[in-house]
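1. next come a sequence and a model predicted from it.
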Amino acid sequence: GAVVSQHPSWVICKSGTSVKIECRSLDFQATTMFWYRQFPKQSLMLMATSNEGSKATYEQGVEKDKFLINHASLTLSTLTVTSAHPEDSSFYICSARDPGKVNEKLFFGSGTQLSVL
Amino acid sequence: GQQVMQIPQYQHVQEGEDFTTYCNSSTTLSNIQWYKQRPGGHPVFLIQLVKSGEVKKQKRLTFQFGEAKKNSSLHITATQTTDVGTYFCAGRSSNTGKLIFGQGTTLQVKP
């Protein structure tokens, strides 16, 4: 089945630094990818929709200058958390749909646990 | 904004007992999906329901979509320890097309 690869799986960084997370679709081309944030034992909150070749669409309350999204190719989207602070510590997870399939199911990456010291 | 409410938040059952989680949307959905997330893992797609009143089964799992397409349920018969995890519903809004996740129900199964 379709696979979405995300890395790194976990990252620890100092406050004020930037962290880049990569999301790749391995066996299909994803014109759209989705970035979520998940707090412990809570639901998935959609942060933004990443569109290949165009600007990302951010959900209300998500700072686009804080969470930079780049979708430069049909198989890669990146999320950069700029000037990270402890409150940015969270589990970030990406997903994508296989446009070749009628079913609208999402394939999720394995997630990235970010800890900002 | 649109919300998808899911209850209960947690459920502890004895192995062999049944389990049900419910989702309710404030607005009509075009479809609803269910995902399972194992502890430490990522959500994995289980099923999608599209039609009003639709019922689908996967072995011990039964999924229902309400007649009004605003609610759904997942029922597990005779739970096993392998059923442990968090079950999320995700409803797609008929108005906006956005997929909104419920809060999830975390199932614990005591052997």
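-> Sure, I can see it.

2. the lowest-mean-pLDDT helix or strand in chain B pairs with which strands, parallel or anti?
-> Across the helices and strands of chain B, mean pLDDT, DSSP states H and E gives its lowest value to strand B:99-101, namely a mean of 90. Strand B:99-101 pairs in its sheet with strand B:85-93 (antiparallel), by DSSP bridges.

3. who touches the least confident helix or strand of chain B?
-> Contacts to strand B:99-101, defined as Cβ atoms under 8 Å, 6 or more residues apart in numbering or on different chains, come from residues A:43-46, A:106, B:2-4, B:25, B:33, B:88-93. Using the backbone N, CA and C atoms, a C-beta is placed for each residue, glycine as well.

4. buried subset of the residues you listed?
-> Neighbour counting with 16 or more other Cβ atoms under 10 Å in any protein chain shown marks A:43-46, A:106, B:4, B:25, B:33, B:88-93 as buried within those.

5. pairing partners for residue B:31 in the sheet, please.
-> Those that pair with residue B:31 in a beta bridge, by DSSP bridges, are residue B:92.

6. that one: neighbouring residues, count only.
-> Neighbour count of residue B:31, defined by other Cβ atoms under 10 Å in any protein chain shown: 19.

7. residue A:29 too?
-> Residue A:29 has 13 neighbouring residues, counting by other Cβ under 10 Å.

8. helix, strand, or coil at it?
-> Three-state call for residue A:29 (DSSP: H, G, I helix; E, B strand; the rest coil): coil.

9. not counting sequence-adjacent ones, nearest residue to residue B:91?
-> Counting by Cβ to Cβ, 6 or more residues apart in numbering or on different chains, residue B:29 is the residue found nearest to residue B:91 once chain neighbours are left out, at 4.2 Å.
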